[in-house]
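1. Sequence and predicted model, in that order:
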Amino acid sequence: MNEITKIAPATTPDDWASDQEVRWCPGCGDYAILKAVQRTMPELGARPENTVFVSGIGCSSRFPYYMETYGFHTIHGRAPGVATGVKLANPELDVWIITGDGDGLSIGGNHMLHLLRRNLDCQVLLFNNEIYGLTKGQYSPTSRTGTRSPTSPGGSLERPVAPCAFALGAGARFIARTIDTAQKMMPEVLKRAYRHKGASFVEIYQNCVVYNDGVFEAFTEKKSAAMTQIWVEHGKPMLFANGTLGLHLNRDTLRLEVVNVVDGDVSQVIVHDETNKAVAAMLIEMPFPEFPVAQGVLYCEPATSFDQAMAEQEVKLVGDKVADFNALLRRGQSWEVKGEH
Amino acid sequence: MATAVQAPEGDESRMTAGEARRESVVVRFAGDSGDGMQLTGGQFTLSTALAGNDLATFPDFPAEIRAPQGTLFGVSAFQIHFGSSRVDTAGDEPDVLVAMNPAALKTNLPSLRKGGLLIVDTGAFGERNLQKAHYEANPLNDGSLAPFQLLAFDISKLTLESVKEFGLGNKDALRCKNMWTLGLSLWMFGRKRGPIIDWLKIKFGKNELLREANIAALNAGHAYGETAELAGPVKQFRLAPADAEPGLYRTVTGADALALGLVAGAKLSGLPMFFGGYPITPASAILHALARLREFDVTTFQAEDEIAAICATIGAAYAGNLAVTSSSGPGIALKSEAMGLAVMTELPLVIVNSQRGGPSTGLPTKTEQSDLYQAVYGRNGDTPMPVIAARSPSDCFDVAIEACRLALAFMTPVMLLTDGYIANAAEPWKVPDAHDYVPFPVQFHEEMPETGKLNPYLRDHETLKRVWVKPGTPGLMHRIGGIEKSYDTGNIDYSAENHQKMTDTRKAKIEGVARYIPAQTVEEGPEKGALVVVGWGSTYGPIRQAVSHVRAAGHDVAHIHIRYLWPFPANLGDLLKSYDRVLVPEMNTGQLKTLLRDQFLVDAKSLNKVSGQPFRISEIEAAIMEMLNQ
């Protein structure tokens, strides 16, 4: 009986919702993400008091205020730094980073790079809406070339960064992609991200209703989703269009191709191996609309996390050393001045 | 104590009457940056300390790691001032200059005392080196060194001979020159070689060849002094030990003392320490020192940049650690926005600024005190934080503990100012006993509020500090951030009255620190009078000496040295107003002067120096006399 009473009662989605009024624009994709996260947390077996949401600046970064957990709304681009300190100071905490395309890939791009290569055990949810929302609609680092905005009236000239490609290049060991409205699939992605020990990078296509409405519509429309999205699953052939199309790896050109699947014959279709970094790179950068947009866990190849490596090294370095501070003060060559001098 | 300088036993003949009266000596070692002058100086310092002399050092090196050999900008120097009475500065003018090449001679000769001893390595005075130092004629032969006692001999050749048996290549063999020179210097001052040999054994460890060659060079240099028939100037000095309080002593640099003080602060608070840093001169030494102290519950994190370093520190503070970040001026500038976040979220943080010459990259390896405005004012918004400063290498220990205490007592970031001079300089330190310090244990807030909703900005009525709740505490989940929060609930609140109240509260909290720090004392001299010299930080030594000298000559002068720069001690204004004149020597263009004028409406006058070199005692004396005579 004792064992049972010790276990904290299970939580419900409501336990994860704070009493704060949500201040996003009506219709913002952020609402759907918030709902999916609050819905998933009980299923993870996570505890609100052991959970910390850390964010930077931008619309997405208001997220922590709406979670009944510990939360830190920091400064623009710097959530990875703050999260690193939180996790290293107390590795028992579940750390989530909420960021956006501007926050995480422009002003905070450098921190994101280092967070991912260090492989700090945390979940990064990057809300990508391809625009600066909170500052009223300037083009962002993920905006497509030619995006017209107050700072690019003639169309933006820059080529966009692909968040997942960036993450892969930075050395991330877990990369996933999902869509704000994918209420069925997003919890599955979040669960995988949570269970992955190390930095889990999740790009979420998020619609900004005010400044960039419909920018992802071509592949997020429910009606055509079967043709425009491919949800990959480890160990399964990569199929879409209700199983009528699949991805084939042309071994001569080392490129992916879309092939017809006739009578369920998937022999030409590549099976998703999420530990295959080369294929992950192809999935991430498949051009749309020639290819569907890949969703789900695109890459997962666990490695020792930063916090774990640090803890292991500490055990090794400290060994049986005794922390005698007075002895430390006296370390090195010293001399005695006698009283009678 | 009788004569301060004594002849070695049975060797009276080597002394001159002039030297016999000296109570202290200033020696400057200068050479190419690859010549190992800093090592020579460091080991000479150790031997000086072990001989019981008081001392102060001034490592003076270029920003380039290995500047092109023989160039003027590649000269690296180490100055040490030691004596049988109290030593506060590294000395105005060297009595002895060791110049390992023409460039070292050219750049350092102007500071050598007239009549001082000049030791040069003729082996390095070839045509090429003379050209690199822009000498048109060899100064050793053209009579330009007549005002000095010159001892010129071929140290390079003597070194090569001394290590010949080890079969080193010419380059490696010549690298032993600094140990040969150190050996000669040890002989000159009657020092023991044992501790240096012990150090060489550790330094070269398993590399037997280099170890033995260096020891042989050291011994050869020493033997040369002992046996060679040297004409005139080379003689043995022996200074009596300085009077010092009984106890155990070691030498310590500011960076080391600061690192130890931070560990002490963490221990006194009962918290683990988290230190986030990014490499920058001259602050890196603190990170290096702490990185080796894992067993003391110290976690160090080398971040990707200065901003990440302070942000990780803020995260660790949020999670309940004693959090520290450290940098130098340019890095502190990068941290400014995050400092504002720490002020806004009222998290305890120690921010160490090892100041260097600015602005921008400025003079990375040279000293300056020009970040006081930055420390006090340099953030957006009304963003007050306490600022305190260390006055000497050993003072860094106590100041670091004090920074930790204030940060935790008021839940605030605290800026600790030190500088390149203090960071690198060494002095003897009476090793403290950790048990003599009063602990300041931290109580995290764990109490469930009656309303069921925690206000993270719940305050202590006396100090105005807010509660510190560690993530992981059940039932007290809350959100903080850089956005203005309600005084009453901690929720986002942009309202006019609330922002006024929160701004006023943050200001009052920091002003209130003045009630919890010691009153300002007068270092030397009367509590009122004709003139007070007010300093802060590393100008302590030269100001103290200058005031002592002027007072000894019968003038009415006092010295006040300020540790607490923001807020100032509560009595400081009245104290300053009790003097007719206020002189503020600073290694900037008048920053403390401005603060004093602003805070107390006193007619403070500046003495400024921004040459990258510390003040000379004589410069401050002259300014005092000029002001007294006005």
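-> Structure's in. What do you need? These numbers were taken from a predicted model, which means no experiment stands behind them.
2. Find the nearest non-adjacent residue to B:Gln33, please.
-> If you look again at residue B:33, you'll see it is Ser, not Gln. B:Ser76 (4.4 Å; C-beta to C-beta, 6 or more residues apart in numbering or on different chains). C-beta here means a position set from N, CA and C on the backbone, and glycine is covered the same way.
3. and that neighbour, that's in a helix?
-> No. Secondary structure of B:Ser76, determined by DSSP: H, G, I helix; E, B strand; the rest coil: strand, with no helix assignment.
4. Of all residues in chain B, which one is nearest the centre?
-> With distances taken as C-alpha atoms, centre = their mean, B:Ile422 lies nearest the centre of chain B, 0.8 Å away.
5. how close does it get to B:Gly276?
-> Going from B:Ile422 to B:Gly276 by C-beta to C-beta, to the nearest Å gives 22 Å.
6. Start from the N-terminal end of the stretch 51-200 of chain A and give the strands.
-> A:51-55, A:70-73, A:94-100, A:122-128, A:131-132, A:138-139, A:174-179, A:199-205 (DSSP state E, counting those that start in this stretch).
7. next one: the stretch 251-400 of chain B
-> B:273-277, B:298-302, B:322-327, B:349-355, B:387-389.
8. Now do the shortest one, average pLDDT.
-> Okay, so that is strand B:387-389. What strand B:387-389 shows for mean pLDDT is 98.
9. And that strand, how far out from the chain middle?
-> 14 Å (C-alpha atoms, centre = their mean, to the nearest Å).
10. Would you mind listing where chain B has pLDDT under the threshold?
-> Residue ranges of chain B with pLDDT under 70: B:1-22, B:229-235.
11. Would you mind measuring from the residue lying farthest from the centre of it to A:Tyr65?
-> The centre of chain B is farthest from one residue, B:Thr451, which by C-alpha atoms, centre = their mean lies 51.0 Å away. Computed with C-beta to C-beta, the distance linking B:Thr451 and A:Tyr65 is 19 Å.
12. want to try JSON lines for the strands of the stretch 251-400 of chain B, with distance to chain A and mean neighbour count as columns?
-> Listed next are the strands of the stretch 251-400 of chain B as JSON lines, based on distance: least, C-beta to the nearest C-beta, whole Å; neighbours: other C-beta atoms under 10 Å in any protein chain shown:
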{"stretch": "strand B:273-277", "distance to chain A": "6", "mean neighbour count": "28"}
{"stretch": "strand B:298-302", "distance to chain A": "6", "mean neighbour count": "21"}
{"stretch": "strand B:322-327", "distance to chain A": "7", "mean neighbour count": "32"}
{"stretch": "strand B:349-355", "distance to chain A": "11", "mean neighbour count": "29"}
{"stretch": "strand B:387-389", "distance to chain A": "21", "mean neighbour count": "26"}
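13. And for B:Gly265, the neighbour number?
-> 26 (other C-beta atoms under 10 Å in any protein chain shown).
14. List the contacts of B:Asn138.
-> Contact analysis of B:Asn138 by C-beta atoms under 8 Å, 6 or more residues apart in numbering or on different chains lists B:125, B:130.
15. For it, which three-state class applies?
-> Assigned with three-state DSSP, B:Asn138 falls in the coil class.
16. Neighbours of residue 102, how many?
-> With no chain named, the answer covers chain A. Residues near A:Gly102, counting by other C-beta under 10 Å: 31.
17. my bad, chain B
-> 27.
18. Could you report the distance from B:Arg597 to chain A?
-> From B:Arg597 across to chain A, the span is 34 Å (C-beta to the nearest C-beta, to the nearest Å).
19. nearest spatial neighbour of A:Ala165, skipping sequence neighbours?
-> A:Ile284 (5.1 Å).
20. Compute the distance between that neighbour and chain B, please.
-> Separation of A:Ile284 from chain B (C-beta to the nearest C-beta) stands at 24 Å.
21. mind listing what that residue touches?
-> By C-beta under 8 Å, 6+ apart, A:Ile284 lies in contact with A:162, A:164-165, A:168, A:175, A:177, A:294, A:298.
22. residues in contact with B:Gly590?
-> By C-beta under 8 Å, 6+ apart, the contact set of B:Gly590 is B:584, B:606, B:608.
23. The second one touches B:Val584, doesn't it?
-> Yes. Under the criterion of C-beta atoms under 8 Å, B:Ser606 makes contact with B:Val584 at 5.6 Å.
24. Settle it for me: which of those two has more neighbours?
-> Shown here are B:Ser606 and B:Val584; by other C-beta under 10 Å, B:Val584 has more neighbours (27 against 16).
25. Test my guess that that one contacts B:Asp603.
-> No. Judged on C-beta under 8 Å, B:Val584 makes no contact with B:Asp603 at a distance of 10.9 Å.
26. Output the strands of the stretch 251-400 of chain B in CSV; the columns should cover distance to A:Thr74.
-> Below are the strands of the stretch 251-400 of chain B laid out as CSV (distance: least, C-beta to C-beta, whole Å):
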stretch, distance to A:Thr74
strand B:273-277, 14
strand B:298-302, 17
strand B:322-327, 14
strand B:349-355, 14
strand B:387-389, 24
